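1. Any chance you can model this:
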Amino acid sequence: MIIQKNISLKAYNTFGIDVKASRFVSIASLYELQQLLNAEKDFFLISGGSNLLLTRDIERLVVHIDIQGISIDREEENSVFLTVNAGENWHEFVLWCIAQNYGGLENLSLIPGNVGTSPIQNIGAYGVEVKDCITKVEALEIATNKLVSFSNEACNFGYRNSIFKNEVKGKYILTSVSFRLTTKNHQLTTSYGAIENELAVQKIKIPTLKNISDAIIRIRKSKLPDPKEIGNSGSFFKNPVISKMLFQRLQKENPSIPNYPVSETEIKVPAGWLVEQSGFKGKRFGDAGVHEKQALVLVNYGTASGTEVFQLAEKIQQTVFKKFEIALEIEVNVVAS
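-> Numbers count the residues shown, from 1 in each chain. Sure thing, here's the model as predicted:
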């Protein structure tokens, strides 16, 4: 465990924002993390850097969580229970599960980031959320340096939300996530988005876990930029849930507005559609812009600063609210000055 000085964080955030850390350390084990906490209490955590917009240099110690490892805890008739350390790459973990014929996470293929950050915002895609498979989350309490276990219920999961974004934000470091996955009789979710169309194109009538994963990878690659090529953090805004009354009013003016009923009184509207209808899709402002194929994705075409990307996001929020009376909420964690 070596603390380095004046390190660029460009390689540690998928937006590719070039800010510096005054001090930086990479942690490879729970023991190292506990040793660090004995000496340091004021630090900035970074993991996969996929849900992060850095707008300034970090003057505190930056702690990069790189704890690896997957363990099989036990198996039952139709289930397997796994514990996965926080530093494991999310997509690589999903592919590993599919190779073992473990079902439940295939719809979450190609989501950037690491396993340790997946519960924080309850990552989800194509009709599946990670909370559906999580049994517990283990975390180190910063104040006491003790390992604490959170049950699924204790995590208080919501849409792109959890206790780790709210009540206990900044108080714990997530070290591992435990999952219950199926080993047979998999409950496949194929009716959401373009999955059925993609499977039909491939002439697949009875899909396997890998078929669904491959279909989602193709869909995501066709719509979303690769962070290795164009800096981005995936979906920048949450899909807003609005009242049925507001939706009906908007539908009169916009008959084609996409919608997904959440309850008898609430409707989910795609944020990407709102951004596109507000005229931002494919627009570029210097090196900050909105992706040409997916308006939900803000991008860094090269040398945009985090502040420039954030200012674009604020401009989008203001325009969408003025046009639709909907307040878009930023999904990405913005580290502002």
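
2. so how far is stretch 319-335 off the chain centroid?
-> Averaging C-alpha positions (Cα atoms, centre = their mean, to the nearest Å) puts stretch 319-335 17 Å from its chain's average.

3. If you count neighbours, what's buried in that stretch?
-> Within stretch 319-335, the residues that count as buried by 16 or more other Cβ atoms under 10 Å are Thr319, Val320, Phe324, Ile326, Leu328, Ile330, Glu331, Val332, Val335. Where you see a C-beta, it was placed from the backbone N, CA and C, and this is true even at glycine.

4. Does the first one belong to a helix, a strand or coil?
-> The three-state label given to Thr319 by DSSP: H, G, I helix; E, B strand; the rest coil is helix.

5. What does the closest residue in space to it that isn't next to it in sequence show for phi and psi?
-> Excluding the flanking residues, the one nearest Thr319 by Cβ to Cβ, 6 or more residues apart in numbering is Ser278, at 4.6 Å. Dihedral pair for Ser278: phi -90, psi 0, per degrees, to the nearest 10.

6. Show me where the protein has its helices.
-> Ranges of helices within the chain are 30-39, 90-99, 195-201, 209-223, 244-253, 271-277, 306-324, based on DSSP state H.

7. Who are the packing partners of the longest one?
-> It refers to helix 306-324. Taking 3 or more Cβ pairs under 8 Å, 6 or more residues apart in numbering; DSSP states H and E as contact, the helices and strands that helix 306-324 lies on are strand 52-54, helix 271-277, strand 288-290, strand 297-300, strand 333-335.

8. so which of the ones you listed gets nearest Leu110?
-> Leu110 sits nearest to strand 297-300 of all the helices and strands packed on helix 306-324, at 13.3 Å, using Cβ to Cβ.

9. Adjacent strands (with direction) for the closest one?
-> Strand 297-300 has the following strand partners under DSSP bridges: strand 231-235 (antiparallel), strand 288-290 (antiparallel).

10. Would you mind getting the angle between the longest one and helix 209-223?
-> Orientation check (axes from the mean of the first three to the mean of the last three Cα atoms, to 10 degrees): strand 231-235 against helix 209-223 gives 120 degrees.

11. And Asp226, how close does it get to Glu40?
-> Using Cβ to Cβ, to the nearest Å, Asp226 is found at 35 Å from Glu40.

12. Those two: which is more packed in?
-> Per other Cβ atoms under 10 Å, whichever of Asp226 and Glu40 has more neighbours is Glu40, with 15 against 12.

13. Quick check: the spatially most central residue of the chain vs Lys131, distance?
-> With distances taken as Cα atoms, centre = their mean, Ile123 lies nearest the centre of the chain, 4.9 Å away. Distance of Ile123 to Lys131, given as Cβ to Cβ: 9 Å.

14. And for Glu153?
-> As judged by Cβ to Cβ, Glu153 and Lys131 stand 10 Å apart.

15. what sits against Val335?
-> By Cβ atoms under 8 Å, 6 or more residues apart in numbering, Val335 lies in contact with Phe44, Leu52, Leu53, Leu54, Thr55, Arg56, Ile58, Gly306.

16. Let me see the confidence value for it.
-> As predicted, Val335 sits at a pLDDT of 90.

17. Just list whatever residues bridge to it.
-> Leu54.

18. what's the answer for Arg284, then?
-> When assigned by DSSP bridges, Arg284 has beta-bridge partners Gly289.

19. Tell me how many other residues surround it.
-> As a burial measure, Arg284 scores 14 neighbours (other Cβ under 10 Å).

20. Looks like it contacts Tyr301 (just checking).
-> Yes: the pair Arg284 / Tyr301 is scored as a contact, 6.7 Å apart, by Cβ atoms under 8 Å.
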